[in-house]
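[1] Below: sequence and its predicted model.
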Amino acid sequence: MKKWLSAVGLLIVIIAGAMLAGCGSSPAANDSKEIRVGANVEMTGGVANYGKSALNGIQLAFKEVNAAGGVLGKQIKLIIADNKSEASEATNATTKLITQDKVSLIMGPITSSNALATLQVAQDNKIPVITPTGTNAKITVDNGKVRPYVFRSCFIDPFQGIVMANFAAKTLHVKTAVIYIDNSSDYSKNLAESFESQFVKNGGVVIGKEAFLQKDQDFKSTLTKIKALNPETIFIPGYYEEVGKIAKQAREMGLSIPLIGTDGWDDPKIAEVAGADALNNTFFSNHYSAQDTDPNIVKFVEAYKKEYGQEPNAFAALGYDAALMVVDSIKRANSTEPEKVREALEKVKNLQVVTGMITLDANHDPIKSGVVIEMKNGKQTFKEKINPE
């Protein structure tokens, strides 16, 4: 009887231990063939087109990598969280991806304001973040200190502002400008600062400053003030919805001067909102041009069109680039541990991506070229390429 009771007791202990082990293991932990990467993106809300484009690029890159055998013999599983184009939701999405989904790394958010809202959560949990398109300089450097867990695949706002100030002075040969900013956007405010500083250095004069807010519909009152100042150009660092309406209403009022801006203009919907004619004589800085004949761009454009049936914008290209940075860093780290991946990201050097050859500087920002796009009859055309000085 004692032997029988001992055997039963031992069996109970074994079963209990197995049950406890099962409760303490997540599916991800048990699946050695899976790398969990989070995507905190704007799938709905005011800038949903940006989020969807960037996500398309990310998904295409990971699909190709997985089809070729994955990374370190594992498949990448992308877990998507919609931040609804709102800063508070972006913070919630980061928390969910880290605490519930147990990701090793997060890609996104897409806009600067949303990205800035999430960084402390990622830092506190020591999870690397790569924003494909957050261009605000403060994303990677805060009060002179580099954020150790934050990286990006796009150039920063000061570079864009300088590019367009130089373009205005050297290509358009204008001497006076009005700056018309989105007062609800950190992205817009920072671009305005860098543009003004460089434009003045070039001998230009900013003769007026005006502001609007996201979701505004009627811009005619402010445009009337701007028209009275008789500027040679208007710098509008905003997003496609508002910029499209501004361009349309400006042309209706007889403002035929060049309108110039930045990568926030980059979406096909801008032509739907403004109308093709209203966008003639408009220019904006961007990260790449789909019309470029570089073999890497041609290959990407063809693959993207095959996958999604449309031409990729810069947000798609930068999403693809960020995904390649993730893959490269995991390979070089030979690990999916967040700290090791972070260390590998700091050493990204001469990595061939869609938008060029990328090397991260000491601030975790890429050293890369930019382009100026001209809109002609509602279509983007390559104007000129700008290299970093």
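    Right, received. Where do you want to start?
[2] in the helix or strand containing Val327, what counts as buried?
    In the assignment (DSSP states H and E), Val327 maps to helix 314-333. For helix 314-333, the neighbour count (16 or more other Cβ atoms under 10 Å) marks 314-330, 332-333 as buried. Every residue, glycine included, has its C-beta placed from N, CA and C.
[3] again with stretch 99-112
    Those would be Asp101, Val103, Ser104, Leu105, Ile106, Met107, Gly108, Pro109, Ile110, Thr111, Ser112, for stretch 99-112 by 16+ other Cβ under 10 Å.
[4] same thing with stretch 43-51?
    Met43, Gly46, Val47, Ala48, Asn49, Tyr50, Gly51.
[5] Identify the farthest-apart pair in those.
    Met43 and Gly46 (11.8 Å; Cβ to Cβ).
[6] Can you work out which residues contact both of those two?
    With contacts defined as Cβ atoms under 8 Å, 6 or more residues apart in numbering, no residue is shared by Met43 and Gly46.
[7] How about the contacts made by the closest residue to Asn313 other than its chain neighbours?
    Computed as Cβ to Cβ, 6 or more residues apart in numbering, the closest residue to Asn313 that is not its neighbour in sequence is Asp266, at 4.9 Å. Asp266 makes contacts with Tyr240, Phe284, Asn286, Asn313, Ala314, Phe315, Ile373, Gln380, as judged by Cβ under 8 Å, 6+ apart.
[8] Need the phi and psi values for Asp266.
    Dihedral angles of Asp266 (phi, psi; degrees, to the nearest 10) stand at phi -80, psi 80.
[9] what pLDDT does it get?
    Confidence at Asp266, expressed as pLDDT, is 90.
[10] repeat for Pro388
    At Pro388, pLDDT is 70.
[11] where does it land in three-state SS?
    coil (DSSP: H, G, I helix; E, B strand; the rest coil).
[12] For the nearest residue to it once chain neighbours are set aside, which residues are in contact?
    Excluding the flanking residues, the one nearest Pro388 by Cβ to Cβ, 6+ apart is Ile367, at 5.9 Å. Counting by Cβ under 8 Å, 6+ apart, Ile367 touches Ile358, Thr359, Leu360, Asp361, Pro388.
[13] State the distance from Ile367 to Leu351.
    Applying Cβ to Cβ, to the nearest Å, the value for Ile367 to Leu351 is 11 Å.
[14] any common contacting residues for the two?
    With Cβ under 8 Å, 6+ apart, Ile367 and Leu351 have common neighbours Ile358, Thr359.
[15] Among the contacts of Ile367, find the lowest-pLDDT one for me.
    Where pLDDT dips furthest among the contacts of Ile367: Pro388, at 70.
[16] which ones are touching that residue?
    Pro388 neighbours (Cβ under 8 Å, 6+ apart): Phe155, Phe159, Ile367, Lys368, Ser369, Gly370.
[17] at 10 Å instead, please
    The contact partners of Pro388, by Cβ atoms under 10 Å, 6 or more residues apart in numbering, come to Phe155, Phe159, Ile162, Val163, Asp361, Pro366, Ile367, Lys368, Ser369, Gly370.
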